[in-house]
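> need coordinates for the below:
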Amino acid sequence: MLSECSDSESSGNTTVQIGEYQFTEAGIVEMNKQQFNDIIQGLPEIQSILLRDMRRRGLTRKAVQKCRQRQNMRLNELDQKKKELQEKLRDAIRTQEEMTLEYERARLRYEHAQSRIVEHLRKHPSIHTQK
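I've put the predicted structure just below:
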């Protein structure tokens with residue numbers, strides 16, 4: 001005799017009574033294929049169909065859950081990588097700004113030195129001319 005009572009179909013807590021044995025969806029999913037086939041062997045077709053469907057739904061639910069976990073892990077890894085890259089970008093921008101300032105300071109020193117040399121040459125033309 002087969003009877004089914006469902007605690008919560010969506011959460012995978014389905015329980016099936018076959019004679020004196022009681023099976024949960026989780027228990028059926030955790031069985032290896034040989035154990036499952038041994039259980040359904042000799043059962044009436046309607047019972048074996050019900051158990052196969054129950055196993056298939058449970059395996060699908062388990063696969064979906066595992067897929068979501070992997071997806072969440074991947075999203076967390078990508079989020080961490082994004083944060084690291086954003087930090088590297090901030091560092092690169094900061095370095096570029098510092099180098100730009102240093103370049104401008106050097107350019108101004110060069111221009112200042114150049115103008116002093118030109119001024120000096122104007123004031124003392126005879127010192128620097130060839131004879």
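> where's Asp16, which helix or strand?
Actually, residue 16 is Val. It isn't Asp. strand 14-18 (DSSP states H and E).
> show me what that strand pairs with in its sheet, parallel or antiparallel.
strand 2-6 (antiparallel), strand 21-24 (antiparallel) (DSSP bridges).
> centre of the chain to the longest helix along the chain, how far?
Longest helix in the chain, counting residues (DSSP state H): helix 45-123. Distance of helix 45-123 from the chain centroid (CA atoms, centre = their mean, to the nearest Å) equals 13 Å.
> for Phe36, report the pLDDT, please.
Phe36 carries a pLDDT score of 91 in this model.
> kindly report the same for Glu25.
87.
> burial measure for it, as a count.
When neighbours are counted by other CB atoms under 10 Å, Glu25 registers 24. Yep, even glycine has a C-beta here, placed from its N, CA and C like the rest.
> could you give the angle of the longest helix of the chain to strand 14-18?
Using axes from the mean of the first three to the mean of the last three CA atoms, to 10 degrees, the inter-axis angle of helix 45-123 relative to strand 14-18 is 160 degrees.
> what packs against helix 45-123?
Applying 3 or more CB pairs under 8 Å, 6 or more residues apart in numbering; DSSP states H and E, one finds that helix 45-123 makes contact with strand 2-6, strand 14-18, helix 25-30, helix 33-40.
> and those: which comes nearest Leu108?
helix 25-30 (74.8 Å; CB to CB).
> so what secondary structure elements neighbour the closest one?
strand 14-18, helix 45-123.
> one more pass at 7 Å, please.
helix 45-123 (3 or more CB pairs under 7 Å, 6 or more residues apart in numbering; DSSP states H and E).
> could you tell me the least trusted of the strands paired with strand 14-18?
strand 2-6 (a mean of 43).
> re earlier: what average pLDDT does the longest helix of the chain get?
On average, helix 45-123 scores 96.
> the inter-axis angle of that helix versus helix 33-40?
Going by the same axes, to 10 degrees, helix 45-123 makes 150 degrees with helix 33-40.
> re the thing from before, of the helices and strands packed on helix 45-123, which is nearest Glu98?
Of all the helices and strands packed on helix 45-123, helix 25-30 comes closest under CB to CB, at 59.7 Å.
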